[in-house]
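# Structure, please.
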Amino acid sequence: MRTGEPLPAVGQVLAALATGLWHWDTASGQVTVDAEAARLLGLPADPTTLTEAQVRARLHPVDWNEITGVVQLAVAEGTLAEVRIRIMDDRGRIIRVVRSRSKPTFDTQKRAYELIGTLQEVTEPAPGTPAGRSAVTGDWRRSREAFLLDAGRALAEARSTDEVLRVAAGLSMPGFSPDGLAVFGVDGERLTIIGHHGQQDGDEGPFTQMSVDTDYPAAEVVRTGRAVYLSTPEQYKSRYPLTWPLAQHFGRRSWAFLPLTVAGRTMGAWMAAFSYPVAFTPDERSVLTTVARMLAQALSRAGAAESERELTDGLQRSMLPTLIPRIPGMSVAARYIPTGGGLQVGGDWYDMIPLPSGRFALVIGDVQGHDVRAAGLMGQLRTALRAYASEGHRPDAVLSRASRFLHGISAAADEDDFAALRFATCLYVEVDPATGTLDLARAGHPDPAIRMADGTVLKRPTAGGLPLGIDPDADYPTTRILLEPGETLLICTDGLIETGGHDLDTGWLRIRTTLEEHKGDLEELADALVRTVHGPSSYYTTGPLADRREDDIALLLLCREGEDCGCGGTVAVPPRVRRTMMTVAQAEPERIAVARQQLRELLHDWASTDQVDSAVLLLSETLTNVLVHTDTDALVTAEVQGDAGGRRLRVEVTDASDDLPHKRRPGELASSGRGLLMIELLADDWGVDPRGEGKSTWFELGERYDDPDGS
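Predicted structure coming up:
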């Protein structure tokens, strides 16, 4: 080329120097190469675009892992990334070694790397030689830092001993990689094998339960806390002649035994064995020592986590009861999910208690807090409730005694710290399997819900008192409800309702949908309820609250078996009757609103919304008439019979007064006296039936569809 002539194109210069050009975008996962780069990769010498998987198939797996670490370090330091890569053919044989130099950049929005670089063939040094022991990248410091960065991250993320061992087995050290690994532990005065890699199963037999006084490198490391490096078989045989025969048949050429030390205590030893001679230079020893320290820390963390899991799992198993295996005519399912706090056991619990009367009790509760003390109080309170119930006390007496018990132990433990006083919510249900009668007492706990045989779900408001432990003299009124054949009772802690940022209203709608739509047996329904809160879909159904902390969950399901109720795993067939009952006392006029809501929920799929409004209005008038004109309580029974489209609603309000209602003709300005007139106008049929004591006022509505034309 003469002076003054234009310079040749960059591609021509690179081709003349047998240097290939490539471009890698991790966002698209594609690698573009020119003809020379394709040839160096063992492909036809034509420009082409490859996927990451196609390129990775041509590279030695150890070098591929090293590339990732070097690129990350180069981006962090703002320098070039230089690596030496072994190219493989289709049969896994090394065909050449190339050096790559690139300038990587990182896109923070795409969270992807982009690299443009060159490839050039170099000569591969023989293993074990000074050149061979240098880093594959040709830059020992950069390669070592990249390797240690990646190894530290991987070991820090390991959560169990098995994961730590898998990470250790997959480490590719810069310039020299062991093909045999073993981790030794100490049990008393003997060595144990925690795990190994590169040997066959059973090869660890002679090294298991070896005394720490044995003439063996790992035993010496444990005794002294100092590393042992053996560069040749002759060194091994000379220093440890008694145990050399145990290691000889593995065919290794060099060994490094390093102490696993945590907080100044040697907890074991790590062996790295090589199939070729290694001189163990100061740089190599530095890398091995650093890896051993990280490995020891990872094993210590994993061991502590496994011990904690084993402890809490054992505590959980000891605290959770065993359900009565078979109850004539009934099925029970329960779940406990400890998601609150770092413990695997919390303050939530459930119990099933056989009673002296032949009945049984279902108990569910939640002690305030998610710490160890909450779990301890839960265990004590559960034992106390079981003791009081086994004495034959009624539900209200059981909760009163339990409240006094919790207040006593909580106050005694926190005499000087009023803020640390603990309380607990609880729901106690005494069940008569023969009749389906449920007597409930509630202490600040969420109300139960009933799933009828046709899938209709009603919350059952019950009378209640303060949470346990607040007032030692608190009263807990009892509510009686009837579980019809084919119906299912749900009682749960607030974690099932509120987990995921939900309040009581939105959380109830979430699980209500599952209750209504589920088809299957009771165990499947329990699993479905848990999945509704903790399954993958829960990440897309978060509630309106900003605080989305998880909470422990306990739930109990009780089904009174009926024809095709689904408890045997069959799909439920809707029966023709659905029914609800509740009482409204003279002292509780606010329960009229609860009765109105109960009726609306019972008629949730009624064809005519106008009829639903009429039924709610008539119920309100009938109840008000009892509370205003008598001095007795009212019992409401609402029943729907028939098939959809032709059903009939019957509502009865029963009281103990013998005074029969009669029609009045109020004036225009009268504030009362129109109740029976409204019933006569809106109901299809109605009447007043005298009873032995008292009377029953009833009305009926036949289902019909709304007229869209209004005619």
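
# Which residue, other than its chain neighbours, is closest to Arg386?
Ile353 (5.4 Å; C-beta to C-beta, 6 or more residues apart in numbering). Glycine gets a C-beta too; all of them are placed from N, C-alpha and C.

# List the contacts of the one you found.
For Ile353, the contact set (C-beta atoms under 8 Å, 6 or more residues apart in numbering) comprises 360-361, 363, 385-386, 389-390.

# Surely it is within a helix?
No. Counting by DSSP: H, G, I helix; E, B strand; the rest coil, one finds Ile353 to be strand, located in no helix.

# Can you check the pLDDT for it?
If you check Ile353, the pLDDT there is 92.

# same deal with Ala683?
For Ala683, pLDDT reads 90.

# Find the nearest non-adjacent residue to it, please.
Ala683's closest residue in space is Phe699 (C-beta to C-beta, 6+ apart), at 3.9 Å.

# okay but the one you found is in contact with Leu681, surely?
No. Applying C-beta atoms under 8 Å, one finds Phe699 not in contact with Leu681, separated by 11.0 Å.

# Comparing these two, which residue is more hemmed in?
Per other C-beta atoms under 10 Å, whichever of Phe699 and Leu681 has more neighbours is Phe699, with 24 against 10.

# helix/strand/coil for the more buried one?
strand.

# ok, what's across the strand from it?
Val651, Trp686 (DSSP bridges).

# gap between the residue nearest to Ala683 and Arg647?
15 Å (C-beta to C-beta, to the nearest Å).

# With Val183 instead?
71 Å.

# quick one: average confidence on the one helix or strand Asp505 maps to?
Using DSSP states H and E, Asp505 maps to helix 504-517. Helix 504-517 comes out with an average pLDDT of 87.

# Mind listing residues that contact the helix or strand where Arg86 lies?
Take DSSP H and E as the rule and Arg86 turns out to sit in strand 81-88. By C-beta under 8 Å, 6+ apart, the residues outside strand 81-88 that reach it are 40-42, 57-60, 62-63, 66-67, 70-71, 73-74, 94-104, 115, 117, 122, 124, 135-139, 142.

# before we move on, what about stretch 634-641?
For stretch 634-641, using C-beta under 8 Å, 6+ apart, the contacting residues are 576-584, 595, 598-599, 602-603, 619, 623, 626-627, 647-655.

# So Val183 and Arg647 - more neighbours on which side?
Val183 (24 against 19).

# can you pull the contacts of the more buried one?
Val183 neighbours (C-beta under 8 Å, 6+ apart): 165, 168, 193-196, 260, 268-271, 295, 299.

# thought Glu52 was touching Gly29?
Yes. Using C-beta under 8 Å, Glu52 is in contact with Gly29, at 5.0 Å.

# When the two are compared, which one has more neighbours?
Glu52 (15 against 12).

# how close does the more buried one get to Val332?
54 Å.

# How about Arg84?
For Arg84, the distance to Val332 - C-beta to C-beta - is 67 Å.

# Ok, Leu165 next?
In terms of C-beta to C-beta, Leu165 sits 42 Å off from Val332.

# Neighbours of Thr243, how many?
Quick note: Thr243 (other C-beta under 10 Å) scores 20 neighbours.

# Ok, the one 3 residues further on next?
Leu246 sits with 15 neighbouring residues when counted by other C-beta under 10 Å.

# next one: Asp503
12.

# what about the strands in the stretch 601-711 of the chain?
634-641, 648-655, 685-690, 695-702 (DSSP state E, counting those that start in this stretch).

# And for the stretch 301-450 of the chain?
330-337, 348-354, 360-367, 424-432, 437-443, 449-451.

# possible to save those strands as JSON lines with distance to Leu149?
JSON lines is the format used below for the strands of the stretch 301-450 of the chain (distance: least, C-beta to C-beta, whole Å):
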{"stretch": "strand 330-337", "distance to Leu149": "37"}
{"stretch": "strand 348-354", "distance to Leu149": "42"}
{"stretch": "strand 360-367", "distance to Leu149": "45"}
{"stretch": "strand 424-432", "distance to Leu149": "49"}
{"stretch": "strand 437-443", "distance to Leu149": "55"}
{"stretch": "strand 449-451", "distance to Leu149": "54"}
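
# quick one: low-confidence parts of the stretch 151-300 of the chain?
172-176, 202-205 (pLDDT under 70).

# quick one: least confident helix or strand in the protein?
helix 10-16 (a mean of 69; mean pLDDT, DSSP states H and E).

# for the chain, which strand is longest?
Looking across the chain with DSSP state E, the single longest strand is strand 94-107.

# report the angle between the axes of it and strand 81-88?
Orientation of strand 94-107 against strand 81-88 (axes from the mean of the first three to the mean of the last three C-alpha atoms, to 10 degrees) gives an angle of 140 degrees.

# Can you mark which positions in strand 94-107 are buried?
96-100, 102, 104 (16 or more other C-beta atoms under 10 Å).

# still on that earlier bit, next, give me the two most distant ones among the contacts of Ile353.
Phe360 and Leu385 (13.3 Å; C-beta to C-beta).
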